[in-house]
Each structure stands twice: as structure tokens, then as C-alpha cells.
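*Asks:* Here is a sequence together with a model predicted from it:
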Amino acid sequence: MVLRSIRMAMIAMLGILGITALPAVAQKPATGTKVTQFMGLEGVKPKAGGTITLDGGNLQFTSPKGNASVPLHSVEDVVTGNDSQRVFRGAIGTLTMLAPYGSGRFLSLFRSKLDVITIKYRDADGGLHGAIFTMAVGKADPLKKEMVTQGAHTSIPIEENASSSDSKPDTAKEKKP
Amino acid sequence: MKRILYVMAVLFLLFGAQLKLTELHAQSATPPAMKASAIQVRMIHSDSDDVKLPADFQVSLYENLIQQLQKQGGFQHVYREGDHNADSATEIVVLHSTVRGFKKGSELLRNVTTVTGKTSVKIHCRFTDKDGKDLLERDLDGKVMFFGANLRATFDFAKKAAKLAHDNFAARPAS
């Protein structure tokens, strides 16, 4: 009797695990990177928060402020960098500047670090576009690696770029032997 | 003593004003440029190894410039670099921009000290016709001195460059 109930419980547990595991496997390619599109994507408002998904050789940006898709083979350059921003931004950030006894200045000392990805790509007419994305620290290099794997080009090799502390211009590549 | 200082200050101001007037006169003395219905913007590069322009600044300069040219109106079409549609355009000017100086400041320093941490970029703008003949050359700058992120300097430059293009080449009045 006890063995039977244990067997039943095991089967039920396996069933539950199977059901929960299946969607996880199915959603794997769709998991994206949370970013803020600072500027540049056609049809998307600047500073729009959204998700980048790399799927089927396309960079998909989805956000409530608009969606965009860029074929990765048309991406001519991907460069990562880093930056920082005020913790208190926007309207609240402006109000803190008016705070008395220099407390606004003190609050501006609180900053959060960011990773930045800059891409250059061509549209269907051959026109050159650029787009800038900011994201949490540590997210840019894996995203760049995945983009290059799926067909994007870069002027700075990934290993070297990962070790650098700041974004490099195109000239950085030309200097190398 | 006080009077001497006062006179010196006035003379200094007059001298500065005269310099500015001379500069303005020289600028206005340039021959009237052609009117164009379209403009093509080339990607902004630095021509020297000494000037290291980060990729995000480069893209921000380019995108802001295109955005401001579209916003100002005056041109029927604003083409990007490499756009095939620009090949068939007849009345078109091409804007080549070269970065001559760049200093990345610090937003933190600006916020804390107010007077330091300025970000500035100096860009040489060259307008040519379709065949590459020079029409107008001018040095412009973009800077952020007090409020805003470093990339705001690119917006400042874009506004000035769009105004320059509009004042000299736009066929239609500003919208």
C-alpha cells in the first residue's frame, strides 16, 4: 500500500516536472536581454526600454514604445563600451538638483554603471544607420558574441574588446599589425 | 587706479566685440551657396590617430545630425551614407564631417563642481556638391557644460550643423 502510494507520488512528480520543463525548453531561443534603446532604431522612440532577442539571424527589439527588426548580416559593426548614469534621473533627478544645502550635488554622486552596445547597420536601400543600447553590466559582451555568431560583423575582436575598459573607435583596429 | 582698471576692462570688451564682428563679417562674406532639395550625410570620422572618438559618440553625432536636418525642414530628402536613392537626386549637397578634437568630460564632475567636467567635440564640416566640389567649409563645436549626459554634446553639434546647412543650402523655408 505504502509502495503503491510512493509510486503514484513519483509518477505525479515526474509528470509535473515534465510539464514545467517543456515550456522552458520551448522558450529558450526567445529569452532576450533587457536593454534601453538610447537612440537610432527606426520606428522606436529614444530611450525606450525593451528586450533584444536574437532569433533566426535577426535582431528583434520589442518594447511598448515600438518594435524593430534588424537582419544581423546587415550589421557592419558591433562595439561594446561602458558608461554610468545617475541613480536619480528624469523629473526626480531634476528636482534633486534644487534640493537645499548642496544635497542635490551629494545625490548626484550615486551612480549606476552600464554596458553600452553600439551597432552600425545598413537598411534595404543601403543607407547607414547607427543604434545605441544600454544594459546592465556584464550583458554586452555575451550579446555581442551571440550577434557575431549569428552573422554580425565587428571591427574589434571580442576577446580584446572584453578586456578593454572603454569603447574604441574604428581606428583602434587599424593600429594593430 | 580704479579708473584705469575700468578703462582696461572696457577696452578688453571692445576688442573682443571687434574680433567677433570681424569673424561674423568674414562668415557672411562667403559667396552664396547653391540651393538644394536634398542633402546626404556621411558618417562622421576622425582623421587623426590623436583624436579617439568612441563609437557611441560617432553614432550619436550621425543620428542626431540626420534627426535635426529632418526636423529643421528645408530639404525634401535627407539621405544617409550609402543610400542608393541619393544617386538619382540632382540638386543635392553632401555633408562630410571630420572630428578635429574631442574631450570626454564627466557628468559626475559637472554635477558636483558645476565648472569642471565639460565634454566638447570640434568638428570640421565640409559641404560639397555631387561631384565633390567644395561649396562651404566651417568648424563647429558641440559641448555640454552644466547639465546632461556626455552624449548631449552631440545634440548641440547637430543643431548647429543643421542650422548651417539650412541657412546656406535649403531650397524651402523652415517648416
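*Replies:* Ah, there it is.

*Asks:* Going by C-alpha atoms from here, please, whenever you check contacts or count neighbours.
*Replies:* Will do.

*Asks:* Output the set of residues of chain A in proximity to chain B.
*Replies:* Residues of chain A lying close to chain B (C-alpha under 8 Å from any C-alpha of the partner chain) are A:39-40, A:79, A:85, A:105-106, A:108-109, A:116-118, A:120, A:125-132, A:167-171.

*Asks:* As a check, name the ranges of all strands in chain A.
*Replies:* A:33-39, A:48-55, A:58-62, A:68-71, A:75-86, A:111-122, A:128-135 (DSSP state E).

*Asks:* low-confidence ranges in the chain?
*Replies:* By default, I'm working from chain A. Within chain A, the stretches with pLDDT under 70 are A:1-3, A:5-6, A:8-30, A:159-177.

*Asks:* my question was about chain B
*Replies:* Checking chain B against pLDDT under 70 turns up B:1, B:12, B:15-17, B:19-33, B:172-175.

*Asks:* cutoff 80 now
*Replies:* Chain B contains residues with pLDDT under 80 at B:1-34, B:108-109, B:111-112, B:114-115, B:145-148, B:171-175.

*Asks:* which residue does it bring closest to chain A?
*Replies:* Residue nearest to chain A within chain B: residue B:83 (4.1 Å; C-alpha to the nearest C-alpha).

*Asks:* what residues are up against the closest residue to that residue other than its chain neighbours?
*Replies:* Once flanking residues are discounted, residue B:83 sits nearest to residue A:127: 4.1 Å by C-alpha to C-alpha, 6 or more residues apart in numbering or on different chains. Applying C-alpha atoms under 8 Å, 6 or more residues apart in numbering or on different chains, we find residue A:127 in contact with B:79, B:80, B:81, B:82, B:83, B:84.

*Asks:* just checking, residue B:101 is part of a strand?
*Replies:* Yes - assessed by DSSP: H, G, I helix; E, B strand; the rest coil, residue B:101 belongs to a strand.

*Asks:* So it versus residue B:151, what's the distance?
*Replies:* Going from residue B:101 to residue B:151 by C-alpha to C-alpha, to the nearest Å gives 15 Å.

*Asks:* Spell out which residues sit in contact with residue 56, please.
*Replies:* I went with chain A, as the question did not name one. By C-alpha under 8 Å, 6+ apart, residue A:56 lies in contact with nothing.

*Asks:* sorry, should have said chain B
*Replies:* A:116, A:117, A:118, A:132, A:167.

*Asks:* got the contact list for residue A:137?
*Replies:* Contacts of residue A:137 (C-alpha under 8 Å, 6+ apart): A:113, A:114, A:115.

*Asks:* can I get those in a markdown table with distance to residue B:155 and neighbour count?
*Replies:* Listed next are these as a markdown table, based on distance: C-alpha to C-alpha, whole Å; neighbours: other C-alpha atoms under 10 Å in any protein chain shown:
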| residue | distance to residue B:155 | neighbour count |
| --- | --- | --- |
| A:113 | 23 | 15 |
| A:114 | 21 | 19 |
| A:115 | 21 | 21 |
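
*Asks:* Which of these sits closest to residue B:40?
*Replies:* The shortest gap between residue B:40 and any of the contacts of residue A:137 belongs to residue A:115, at 31.5 Å (C-alpha to C-alpha).

*Asks:* And the closest one, how far from chain B?
*Replies:* Distance of residue A:115 to chain B, computed by C-alpha to the nearest C-alpha, to the nearest Å: 11 Å.

*Asks:* Kindly state the beta-bridge partners for that residue.
*Replies:* In this entry, residue A:115 is beta-bridged to residue A:82, residue A:135, by DSSP bridges.

*Asks:* List the neighbouring strands of the helix or strand that contains residue B:126 plus their orientation.
*Replies:* Assigned by DSSP states H and E, residue B:126 belongs to strand B:119-128. Sheet pairing for strand B:119-128, assigned by DSSP bridges, gives strand B:92-103 (antiparallel), strand B:134-144 (antiparallel).
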